[in-house]
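Engineer: Whatever this is, show me its structure:
(2 chains)
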Amino acid sequence: MIYHLVRGALRAVVTVVIATIACTPVPGERLLITSGFTDQIFVLDANTGRVTDSLSLDRRPGERDEPHSVAVSPDGSHFYATLSHGEPSLWKYESKGLRLVGRLTLPTNGASRIRLSPDGLVAAIPDYWLSGGGMVSRVTFVRTEDLSVIASPELCAAPHDAVFSPSGDRVAVTCSLSDELVMLDTDGFRETTRFKVGENGDRPLNAAWTLDGRHLLVTLTTRSKFVELEVAAAMRQTSQVMTGDQPAQLAIAPGGSTVVVANRGSGSVTITTTDGTRLTEIDIPGAHPHGVAFGRDPSVVYVTYEGDTRTLGGVVAIDVDTGEILWQTEVGSFTLGVAVLP
Amino acid sequence: MITRVQPSLLATAAFALLGSSCGVSEPELPPYLEFSQPVLDLGLEREGQIEIRNTGGQSIGPIELVPGEIRDLSGSMVPGSRLSLDPTEIPTLNPGDKRLLTLQLSLDGSLNSGEYDTWVRARRGGCTSCCQTNQCREVNALLSVRFTVLGELEVAVTSVRIVAPPFDPRTGDVIDLPLEARDEAGTLLQGVPVYWSVNPSQAGYVGKNGQFVGYQTGAASIIAQAGTIADTLALNVLDRNIEGSFSVALIGREVGRYTSDLWLHGDVLYSGTWGTRQTGSHSSFGNTLNVWDISIPGTTFRSIQRSFSIEIDARVVNDVKVRTDGELAIITHEGSNDALNGITILDLDNPLEPTVVSRFTAELESGVHNVWIEGDYAYLVVDGVGNGLRILNISDPENPSVIARFWAGKSFLHDVYVRDGLAFLSHWNAGLVILDVGNGIADGSPENPVEVSRLSDLGGQTHNAWYWPEAGYIFVGEEDFDSPGIMHVVDLRNLLEPREVATFKVPGQTPHNFWLDESTGTLYLAWYGNGVRALDVTGDLLGELDRQGREIAGLVYNGGSGTCNRGSGDTCTWAPQFHRGLVWVSDMNEGLVGLEPPR
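Structural biologist: The predicted structure follows:
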């Protein structure tokens, strides 16, 4: 699984076409989208992009609370969101009725992405504390059943993503300010491996496990690429793929054949195949692409874009085979998180 | 297919949608909260525990645990004493689950002897948009808590006499009532615990040392009891007799963007902008500083003219301040595209058309929420837990530098006010923190701020403060959207030992920013959906100011349901400033309103 691809040479900018629906997302699926500057989660019909509902997380209506991330439990029964401003918190909802059933103030300075264990019993929330000036901060592990904190180990400077392996026995933590990847054993949440990712200042931000659990893909946000790491006692980088500028989130499609990266800086999305035979970069009709999620259909990916200080954020659905944009919805401001609700 | 979603409509729709989602058909057994017993009698103890259970059939959470105020047997609130809970919020309770709750009393050292009571309410929280609907608030449980305070010298007392004041007090006037307690030999006893009460209880409040304040006009009986001996003093409480009203004099409409804070200097008003606002199909963002010429009339009746604006890289320009000499201003950045945030320093050589001197971002990348300028120093509130205060030397505005930092060790800093060499930090759940930044009381300086004292127990969510050194009080805002919050008055005549002495509340909404006209002792309070309020804060302050006839006037100038719905026409008052005879307020929805003050 080696990619010998160079950004630019193989960049194929696909003209954005607001297409009629060429392929069809799975009927009944919904998208959850966080809007950081209106303090909301929007619920969209994944098939059409139509907004069907919204949830206010506006705990302090005169202040900014900033919903950041959203994640859906594997059985689809619950979803979780983080608020990163003020005193960071984790919110738990029942999917049925979109009903709030819990909230936990996190014992950390910040909160970025939520990741759930494959069985849905544990949530991991890193403390992405950039303004700590490089001070070591934590990843908090929360039992989803009762929202009790299981562990909150101090790991590294500004951890941003903490991803459970497909088997659930390990968690890979990207440490953005120390340019490391820390591997934890979920039995006690103890560190087992620490690996230098890229060069100083590369800022590993987000990660995704390959389906076989043998490799990790990690975006390096200042280096316009993601790297593939072989997960072993002695980890090593096995390949890299050039992307657009400032790659943010990435996701692997169900089935594992396609990787999609949102490039915040260049306003594009990189679509590549895991065998390295194809690399496409698509311009997104919105400022600062950020979040990436697949539903059950591996041919459709959903990408959020933040918007900027003059434009709204939003979300697009993209046919990863053709690069066509199936629909676009302008929704929210500082629109980051995305998850698919079955 | 491009779908454009209007945030303002969505914000409005969200209430309806949430209302409907909250109102979806419930399973047969909804969540049900109850304490393991309805009354907890602590007796002489100061700590106790009780269980809270979910005996219903659904999960519930978060559960807010809210302590009540402590009241004496006459029903009067006792300032300076408080009930603390651990935890204050339970993330979730599944059906059949229970949690142990610890209650701890923090009592003022010289409480009157007697019995006291308070309460704890457990309720479903976090459903801010459907708070008024049945699902959010009907799930709650109430616990009554009682305790007793005993004196030591009470048994020796054989006679008690309250010394009558030479005049009849008005409501809100604080009078000292000397008391003479003697033993059988006629010897005057010192330090005898005295239980003070008022009859009827709603007539007023009497403090631990015999300080009385009237709440209503007419007869009030003040009762002092030492041991088994009591004396009663009859008082006639007079009307405070203050009245007035606001009237709208000028309006500066800004309905394209939400308006945040304001600052006036000379003939110019500066106002910030906030968040994302949708007007028709157009979205506008909080990326702008508006400049208004208040010296000339606008194009419409009673309007003022927006003469200039500056766009910066931000989604929120939360605050703007002008230095006293009028030569420079600072505006704050939050949510910038470049993720650097920080501040922009403006040159006000032409105050109607400020020019950018510099943007400073080092150590301010997470965003700056508020600012205060004092001479060559800028005090900056940096967003986020763990960040706190940065003090900048701005003597060279083109090259500012961070010279000091402070964080209270918990929660986050929300606002800063500097006066007489003291920096007053509104530090959210860490409370009010006072720093010496040149006062001398703790050898502090801007380069070396030193903590003088802090008052942690102000109910949390400490949002803003205004210090009045002449009177020795600081007025502190608690921005709690759930309870809702109130204004706390803290006695700072001893800076080393701040203590809360009084409160002020307006039902239904939480306060926001304050401004004190010290020449008349009038405190102007922005109160979101409850508009602007004018409060007489002359004289000593004690007890519940909202019950003392001290509110001179309140104005909800645009109407509304008192909910401050963003994007609607509702009144949503953010901040006041008294300037050249008018009270100017910024309103999130309306822009700016200039009001004739009530006195």
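Engineer: Flag the helix or strand of the chain with the lowest per-element mean pLDDT.
Structural biologist: Chain wasn't specified; assuming chain A. Lowest by mean pLDDT, DSSP states H and E among the helices and strands of chain A is strand A:13-14, with a mean of 30.
Engineer: please go with chain B instead
Structural biologist: Least confident helix or strand of chain B, by mean pLDDT, DSSP H and E, is helix B:7-22 with a mean of 40.
Engineer: just checking, residue A:305 touches residue A:269?
Structural biologist: No - if you go by Cβ atoms under 8 Å, residue A:305 and residue A:269 don't touch, sitting 9.5 Å apart. Heads up, the C-betas are built off the backbone N, CA and C, glycines and all.
Engineer: burial measure for residue B:299, as a count.
Structural biologist: 6 (other Cβ atoms under 10 Å in any protein chain shown).
Engineer: Quick check: which element contains it?
Structural biologist: Residue B:299 is located outside every helix and strand, with elements delineated by DSSP states H and E.
Engineer: which residues touch the nearest residue to it once chain neighbours are set aside?
Structural biologist: In space, residue B:299 comes closest to residue B:305 once its chain neighbours are excluded; the distance is 7.3 Å by Cβ to Cβ, 6 or more residues apart in numbering or on different chains. By Cβ atoms under 8 Å, 6 or more residues apart in numbering or on different chains, residue B:305 lies in contact with B:252, B:292-293, B:296-299.
Engineer: measure residue B:317 to residue B:561 for me?
Structural biologist: To residue B:561, residue B:317 is 28 Å away according to Cβ to Cβ, to the nearest Å.
Engineer: no, scratch that, I was asking about residue B:369
Structural biologist: Per Cβ to Cβ, residue B:369 is found 28 Å from residue B:561.
Engineer: which stretches of chain B form helices?
Structural biologist: Assigned by DSSP state H, chain B shows helices spanning B:7-22, B:134-137.
Engineer: What count of nearby residues applies to residue A:215?
Structural biologist: Using other Cβ under 10 Å, residue A:215 is surrounded by 19 other residues.
Engineer: what ranges of the stretch 151-300 of chain A fall below the confidence cut-off?
Structural biologist: A:275-276 (pLDDT under 70).
Engineer: What residues does the stretch 51-200 of chain A have near chain B?
Structural biologist: With the criterion set to Cβ under 8 Å from any Cβ of the partner chain, the stretch 51-200 of chain A comes near chain B through A:51, A:53-56, A:58-64, A:85-88, A:91-92, A:94, A:97-105, A:108-110, A:129-133, A:145-148.
Engineer: 6 Å instead?
Structural biologist: Residues of the stretch 51-200 of chain A lying near chain B by Cβ under 6 Å from any Cβ of the partner chain: A:51, A:53-54, A:56, A:58, A:60-61, A:97-98, A:100-104, A:109, A:131, A:146-147.
Engineer: nearest residue to residue 111 other than its sequence neighbours?
Structural biologist: Let's take chain A. Residue A:111 sits nearest to residue A:88 (Cβ to Cβ, 6+ apart), 3.7 Å away.
Engineer: nope, chain B please
Structural biologist: Counting by Cβ to Cβ, 6+ apart, residue B:149 is the residue found nearest to residue B:111 once chain neighbours are left out, at 4.9 Å.
Engineer: Need the distance between the two termini of stretch B:587-596.
Structural biologist: With Cα to Cα, to the nearest Å as the measure, the ends of stretch B:587-596 fall 16 Å from one another.
Engineer: follow-up on the earlier one: quick check: the gap between the residue nearest to residue B:111 and residue B:491.
Structural biologist: Counting by Cβ to Cβ, the separation of residue B:149 from residue B:491 is 22 Å.
Engineer: what do you get for residue A:148?
Structural biologist: Remark: distance between residue A:148 and residue B:491 (Cβ to Cβ) = 41 Å.
Engineer: Equivalent analysis for residue B:187, please.
Structural biologist: The value you get for residue B:187 to residue B:491, if Cβ to Cβ is used, is 33 Å.
Engineer: Repeat that for residue A:40.
Structural biologist: 42 Å.
Engineer: hang on, the earlier thing: of the contacts of residue B:305, buried ones?
Structural biologist: Buried members of these, scored by 16 or more other Cβ atoms under 10 Å in any protein chain shown, are B:252, B:292-293, B:298.
Engineer: hmm, which two among those residues are most spread apart?
Structural biologist: Using Cβ to Cβ, the pair of the buried ones among the contacts of residue B:305 lying farthest apart is B:252 and B:293, separated by 9.8 Å.
Engineer: picking up where we left off before, closest to residue B:459 out of the buried ones among the contacts of residue B:305?
Structural biologist: Among the buried ones among the contacts of residue B:305, and counting by Cβ to Cβ, the member closest to residue B:459 is residue B:252, at 34.2 Å.
Engineer: What residues are bridge-paired with the closest one?
Structural biologist: residue B:592 (DSSP bridges).
Engineer: Next up, the contacts around residue B:487.
Structural biologist: B:477, B:504, B:511 (Cβ atoms under 6 Å, 6 or more residues apart in numbering or on different chains).
Engineer: One more pass at 10 Å, please.
Structural biologist: The neighbours of residue B:487, taking Cβ atoms under 10 Å, 6 or more residues apart in numbering or on different chains as the test, are B:464, B:466, B:475-478, B:502-506, B:510-511, B:514, B:523, B:525, B:527, B:533, B:535, B:545-546.
Engineer: Near chain A, list only the ones from those residues.
Structural biologist: By Cβ under 10 Å from any Cβ of the partner chain, the members of the contacts of residue B:487 lying near chain A are residue B:510.
Engineer: Nearest the middle, which residue of the chain would you pick?
Structural biologist: All of this refers to chain A. For chain A, residue A:249 is the residue whose C-alpha lies nearest the centre (Cα atoms, centre = their mean; 4.6 Å).
Engineer: I was after chain B.
Structural biologist: In chain B, the centroid-proximal residue (Cα atoms, centre = their mean) is residue B:477; its distance is 1.6 Å.
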